[in-house]
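A.B. asks: Give me a model of this one.
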Amino acid sequence: MIEREEIIGDCRLLLENCLTIFPSLTTFDAVVSDPPYGIGFSHGAGGDGIGNGKYASKFNGVTIRGDDAQFDPSPWLAAARTVVLFGANHFADRLPSSPKWLVWDKRRGLTRNDFADCEMAWTNQKGFARLINHYWNGMMRDSERGVPRVHPTQKPIAVMEWVLQETTKPGESVLDPYMGSGSTGIACLKLGRKFTGIEIDAGYFEIACDRIRKAHAPPDMFADRPPEPRQETLL
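C.D. replies: A predicted model of the protein is given here:
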């Protein structure tokens, strides 16, 4: 029995342990996810860079649920025709070789801190390694400027759109078994992919539901319209 389920447009969001419920789900065209890597990730866990001192992140000390054990990718390798796993450089020894890695350059050579200059995603597709330059350093970003981050390993929606365009087609079904804050789901909405997201943490599940709900809502046609002039009543 699923603990909680939300349907938002073509998005199905499930609050549950993905390994428990995945066998009962229908098949998918693609698995696209940023799983816990098994490295005990925590912002500000040593060093002298942006994670500490006056540059400390609000996520300092925040750990990722399930990140206290090595990640086993084997349940997902045959879960769909297309598989994309971020952070795969941390568990590459447990993956088949692949010619097509996707690399997100998030510093563009402009800065360096205690965190990686890029993030890498393994795919099971044939083809060539691909790269996207998309600056993402604190509040200095190429997208979502002024929008607070809500998850310590949150991906830009624009980067997830690029990943989906590189690996999937419109109308295909995408599963993210480690949904987090729902960036993959928002990208699916924008690109016309059907999305199923699973998240084990109730707080992040609620955040993902809220973000995807807002992304699915029709735009306010009157948002940029100037206010109506005030009508004065003459006596």
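A.B. asks: Just give me the longest helix of this protein.
C.D. replies: Assignment by DSSP state H gives helix 202-216 as the longest helix of the chain.
A.B. asks: Can you mark which positions in whichever strand or helix holds residue 75 are buried?
C.D. replies: Element membership for residue 75, per DSSP states H and E: helix 74-77. For helix 74-77, burial by neighbour count (16 or more other CB atoms under 10 Å) applies to residue 76. Yep, even glycine has a C-beta here, placed from its N, CA and C like the rest.
A.B. asks: for it, what is the average pLDDT?
C.D. replies: For helix 74-77, mean pLDDT rounds to 96.
A.B. asks: follow-up on the earlier one: buried stuff in the longest helix of the chain?
C.D. replies: For helix 202-216, the neighbour count (16+ other CB under 10 Å) marks 204-205, 207-209, 211-212, 215 as buried.
A.B. asks: Can you identify each of the strands in the chain by residue range?
C.D. replies: Secondary structure of the chain (DSSP state E): strands at 4-8, 11-15, 28-33, 80-86, 101-105, 118-123, 130-133, 136-137, 140-141, 173-176, 194-199.
A.B. asks: Out of these, which gets the lowest mean score?
C.D. replies: What stands lowest among these, in mean pLDDT terms, is strand 136-137, with a mean of 81.
A.B. asks: Could I get the strands of the chain in a markdown table, plus columns for distance to residue 159 and mean neighbour count?
C.D. replies: Formatted as a markdown table, those follow (distance: least, CB to CB, whole Å; neighbours: other CB atoms under 10 Å):
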| stretch | distance to residue 159 | mean neighbour count |
| --- | --- | --- |
| strand 4-8 | 22 | 13 |
| strand 11-15 | 19 | 22 |
| strand 28-33 | 11 | 24 |
| strand 80-86 | 10 | 22 |
| strand 101-105 | 5 | 19 |
| strand 118-123 | 9 | 20 |
| strand 130-133 | 6 | 14 |
| strand 136-137 | 8 | 20 |
| strand 140-141 | 11 | 14 |
| strand 173-176 | 14 | 26 |
| strand 194-199 | 16 | 24 |
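A.B. asks: Include distance to residue 72 when you put these into TSV, please.
C.D. replies: Converted to TSV, the strands of the chain look like this (distance: least, CB to CB, whole Å):
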stretch	distance to residue 72
strand 4-8	25
strand 11-15	20
strand 28-33	13
strand 80-86	11
strand 101-105	20
strand 118-123	14
strand 130-133	26
strand 136-137	28
strand 140-141	33
strand 173-176	17
strand 194-199	16
